[in-house]
Every structure is written in structure tokens, then in C-alpha cells.
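Asker: Need a 3D model of the following:
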Amino acid sequence: MEGKERVVGVIVEYNPLHNGHVYHLEASRQASGAETVVAVMSGHWLQRGEPAFMNKWARAETALRAGADLVLELPVLFSTQPGEWFAYGAVSALAATGVGDAFCFGSENGRLDELKALADRLVSEPEPFTAALQEQLKKGLAYPAAYAAAAYAATGLPGANLLTEPNNSLGFHYLLSLARLRSGIVPYTIRRVKAGYHQEQLAEGGIASATAIRKRLLTAGDREAALESIAEYVPPGTLEVLRREWSAGRAPLHWERYRLPLFHRLLVQSPSQLARYREVTEGLEYRVKRTLASLKGEASVEELMEGLKTKRYTRTKLQRMMTAIYLEHLKEDASAEQLREGVSYLRVLGFTDRGRSLLHRMKQTASVPVITAVNRDGAPANLSLDIAATAAYTLGYEAPNAQDWFADYYRPPVYIPLGGNAAK
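Answerer: Numbers count the residues shown, from 1 in each chain. Model prediction:
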């Protein structure tokens, strides 16, 4: 590594990027001693089964303005998965660059040693753990709660008790993925400050959760009033990009913008057809049909979700199911065997001058193709899922056009020159 800058990776969604994310970027550099930050970012569809508030290029721009040097897209095959496979895909992307020295994630407790000890014990999924997990699931617990309970029952380690918090849980799966990939990337964790992951109200102090910021933007009235109300909580670059994208009718996007195409898919397909899609498990196809028939008036996606939700089926599980149905992601296209292969390409969404230098290094070190321009005739197989996901996403724009549908072919990576704004 002599003569080469140290590189730290982060895994993000930036939905939208706020002051807490800026803190994480700066703290990741400090904790790891790295000069360069690589962000693996979900594309248009997110881990909690939601469309991103802004498109992936806009969010990549906010990341670069906030301090990231290179933004790589986490393929939709992984970005819409439950935490275990989401983490595995993202960590496999960092490992595939061949340049990552360190990795830093946010957590509620900041106790890396306890999470790592638990990951080391469960890396091979020992039989006592798998048996305990099945027992907890039979009790009707949602998968995350069942996993945490089974981890403690099988190991007795204190780290298992940390898994009830979402960022701790995701961090644990990052560590599990590093172990399974036998990666030499060194992990670090930064404790979340002030705002909780699910916090829905803006608080004083300039730090708020993305959930609270999205809620305010969608409920604060007209566009300028909404943007003004969050100005304290996001960096200027985020505010500027949000204003531009909102003015252009490309934001803010949410499930209700997809109400008609989603309901079309749900209504015209039989239960057996719905059962082919990822996350449609344990007879949920029949529950979907019954719930649709019970809706009244101008039924909303929110009303559908509320009708479907139970103690066993969390909101996140149901949203991921709707994403799979809307994007037509079949179970057979995302088998465990396929997912264990990790990412098969690295799609570049944006870079700075420092990031461009890193890309030159990656041409020699990356274990999978590095894609800066999508070839219509020779794209990797799974990249077609990202291209289709973009087309489906843009149907939520106010006035999508054909170039929006196929933006993956037309849009170059976002480039932020040193001390400048996005270059088109």
C-alpha cells in the first residue's frame, strides 16, 4: 500500500442525505485514517421496500458534494433484499473493488467488539442457531426479532441483545458478510448521534433522521415551505439538489406515485402468479387478494399496506413484497446460490477528482467489470434488472419521457470537480 491512499468504504441510501450522514462520512475518515471514501449506494429501490425520494444520480451528487469520492450502485438484486442479503451484496461490492482498506458503519451502540464476536460465532450458521431460529419463527415472531432471539439462545453472547436495534442488526450482518467473504477489509463503527433511525419528528440541534425529513417534506405544504422547514437538517448541496429535482417533477417520490401500476399488477394476476415473486411467502398471495377486495373508495397503497400488516408481516416485509411484484422479481432469479456469488459488476454513479484516480487503480484491482457507461448490447445479465428498475421508477415522475425510462443508457456518471458543482 506504500504510496497509495488509504480507502474506507461506506454503505448508504441517502434518502435523502442529511447532516447525520455528513458526520458519518467525516467520522469514517477519521476512524480509519483514510483519505478516500467509496460509497456503495442503493439505486432507485431501497432496502425497506420503497422507491427512493430522488433518483440515483441526484442522490449520488449529494453524496459527492458531502464528501464521498466515488459512488457505486448497489444492484437492485441486492438493494431490495432483507438485511442479510442486502449487507452481503454491499460488502461484496466493496471487496470486489480490490482497493478497500477499511469499512465504517453507523450503529446505535458503537460496540464493534460485541457485534464481531457474535458474527464470528454465527458465520457458519451452527445447528443450535438454525434450530432456535425456526422455533422462534413458529412462535409468530417477525424475522428480525426471531433472529435476535435465536442468536442469544444459541450463543448467550451480549451482542445478540444489540440486534433489536436496526443499525446494530445491519452492522452485524455487514460483519457476518466480511467473515463469509474472507475479506481483509478492517471494520469500524460510529455511534449514531441524536436522531434515531425511526424518529419521525424533527428535533433541535440540526440532526434528524431521514424518516423525519421525508415526512416533513411530504406534509409541510408547498414546495418552498417544505424545503425551508428542513434547511437546518441537510447540507446546502442536498437542499439545492432537492429543489432542482422537485421543480423538474422528479421528486419527492413515494409509493402513492405508483398506485395505479402497482394495483394493476396485483389485480390482474392470479394468486398462483403472485406466488412466483420474491417475498410472497406463506400464502401471502391469498391475503393480498382478500385485502384488495376489502378496500373502499379510492383505495391508496397506504390503506393496502395497513390491511395486510400483522405482527408476523412487518411493514418492511410487505413493502419489499410490493417492490418485488411491481418490478416482477421472481424467486428463481434471486436464489441463495445466486446471491452468494455477490455482485457481478460495479456500476459507477459518480466521482470526484480523487475518485477518478481511484477508478484508474480499480481497473487493475477489481475482480468484476467496472461500468461507467452501459453498453446496450453487452451489459452483464443482472444489470438488465437495474435498467428495468429505472424504467419502473421513472413512472413516478410527473411527466416521464422515453429518455427517462432508459436513462441508464444516456446518463454518464456525475462528476464533481475539486471545489466545484456537478459537471453535466
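Asker: Low-confidence regions, the protein specifically.
Answerer: Within the chain, the ranges that satisfy pLDDT under 70 run 1-3, 194-201, 203-204, 378-379, 419-424.
Asker: which residues of it fall in strands?
Answerer: Using DSSP state E, the strands of the chain run over 7-12, 36-42, 70-74, 102-107, 186-191, 346-352, 370-371, 414-416.
Asker: contacts for the last one?
Answerer: Residues outside strand 414-416 that contact it (C-beta atoms under 8 Å, 6 or more residues apart in numbering): 57, 60-61, 64-65, 71, 349-352, 356, 422-423. C-beta coordinates here come from the backbone N, C-alpha and C atoms, glycine included.
Asker: Narrow the residues you listed to just the buried residues.
Answerer: W57, A60, E61, L64, R65, V71, L349, G350, F351, T352, A422 (16 or more other C-beta atoms under 10 Å).
Asker: Closest one of these to E127?
Answerer: Nearest to E127, judged by C-beta to C-beta, of those is V71 at 40.6 Å.
Asker: Identify the farthest-apart pair in the contacts of strand 414-416.
Answerer: The distance between the two most remote of those (C-beta to C-beta) is 16.7 Å, for W57 and R356.
Asker: okay but L239 is in contact with I230, surely?
Answerer: Yes. With contact defined as C-beta atoms under 8 Å, L239 counts as touching I230 (7.5 Å).
Asker: So which of those two has more stuff around it?
Answerer: Set side by side, L239 and I230 show more neighbours around I230, with 21 against 17, by other C-beta atoms under 10 Å.
Asker: And the more buried one, how far from N161?
Answerer: As judged by C-beta to C-beta, to the nearest Å, I230 and N161 stand 34 Å apart.
Asker: ok, now E35?
Answerer: Computed as C-beta to C-beta, the E35 to N161 distance reads 36 Å.
Asker: any idea where the helices of the stretch 301-424 of the chain begin and end?
Answerer: 301-308, 315-327, 336-339, 353-365, 383-394, 402-405, 407-410 (DSSP state H, counting those that start in this stretch).
Asker: Which of those helices sits closest to T130?
Answerer: Among the helices of the stretch 301-424 of the chain, helix 336-339 comes nearest to T130, with 13.6 Å by C-beta to C-beta.
Asker: Go through the closest one and flag the buried ones.
Answerer: L339.
Asker: which helices and strands does it pack with?
Answerer: Applying 3 or more C-beta pairs under 8 Å, 6 or more residues apart in numbering; DSSP states H and E, we find helix 336-339 packed against helix 83-97.
Asker: Run through the helices of the stretch 51-200 of the chain in chain order.
Answerer: With DSSP H, counting those that start in this stretch as the criterion, the stretch 51-200 of the chain has helices spanning 56-66, 76-79, 83-97, 112-122, 127-138, 143-155, 166-180.
Asker: Most tightly packed of those helices?
Answerer: Here the criterion is mean neighbour count by mean count of other C-beta atoms under 10 Å, and of the helices of the stretch 51-200 of the chain the winner is helix 56-66, at a mean of 27.
Asker: Which elements pack onto that one?
Answerer: Against helix 56-66 (3+ C-beta pairs under 8 Å, 6+ apart) you get helix 19-32, strand 36-42, strand 70-74, helix 236-247, strand 346-352, strand 414-416.
Asker: now the longest one, how far from the centre of its chain.
Answerer: This points to helix 19-32. 18 Å (C-alpha atoms, centre = their mean, to the nearest Å).
Asker: go on, stretch 217-231?
Answerer: 24 Å.
Asker: can you check stretch 351-359 too?
Answerer: The answer for stretch 351-359 is 23 Å, by C-alpha atoms, centre = their mean.
Asker: Tell me which residues are up against that stretch.
Answerer: 5, 7, 35-36, 38, 64, 68-71, 99, 348, 370, 372, 413-418.
Asker: let's see it at 10 Å
Answerer: 4-5, 7, 35-39, 60, 64-65, 67-72, 97, 99, 346, 348, 362, 365-366, 370, 372, 413-420 (C-beta atoms under 10 Å, 6 or more residues apart in numbering).
Asker: Kindly give a single ChimeraX line that selects the buried subset of these.
Answerer: Command for ChimeraX, covering only those of the contacts of stretch 351-359 found buried under the criterion 16+ other C-beta under 10 Å:
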select :7,36,37,38,39,60,64,65,67,68,69,70,71,72,97,99,346,348,362,366,370,413,414,415,416
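Asker: Can you check which of the helices and strands packed on helix 56-66 gets nearest to N167?
Answerer: Comparing the helices and strands packed on helix 56-66 by C-beta to C-beta, helix 19-32 comes nearest, at 10.6 Å.
Asker: packing partners for that closest one?
Answerer: strand 7-12, strand 36-42, helix 56-66, strand 102-107, strand 186-191, helix 210-219, helix 236-247 (3 or more C-beta pairs under 10 Å, 6 or more residues apart in numbering; DSSP states H and E).
Asker: Take these and write them to CSV, including distance to E341.
Answerer: Shown next, in CSV, are the helices and strands packed on helix 19-32 (distance: least, C-beta to C-beta, whole Å):
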stretch, distance to E341
strand 7-12, 18
strand 36-42, 17
helix 56-66, 23
strand 102-107, 20
strand 186-191, 22
helix 210-219, 30
helix 236-247, 34
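Asker: A153 is nearest to which of these?
Answerer: strand 102-107 (22.4 Å).
Asker: Run me through the strand neighbours of the closest one, direction for each.
Answerer: strand 7-12 (parallel), strand 186-191 (parallel) (DSSP bridges).
Asker: and the angle from the first one to helix 56-66?
Answerer: Per axes from the mean of the first three to the mean of the last three C-alpha atoms, to 10 degrees, the angle that strand 7-12 makes with helix 56-66 is 130 degrees.
Asker: how about the CA coordinates for strand 7-12, as CSV?
Answerer: Extracted in CSV, the C-alpha atoms of strand 7-12 (Å, rounded to 0.1, in the frame of the first residue of the first chain):
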residue,chain,number,x,y,z
VAL,A,7,-9.6,3.9,1.2
VAL,A,8,-12.6,3.5,3.5
GLY,A,9,-16.0,2.1,2.3
VAL,A,10,-19.5,3.1,3.5
ILE,A,11,-22.8,1.5,2.6
VAL,A,12,-25.6,4.1,2.2
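Asker: oh, and call the first residue 12 from now on, that's how I've got it
Answerer: Okay, residue one is now 12; in that scheme the one you just asked about reads as strand 18-23.
Asker: so how far is that strand from its chain's centroid?
Answerer: Using C-alpha atoms, centre = their mean, the offset of strand 18-23 from its chain centre is 13 Å.
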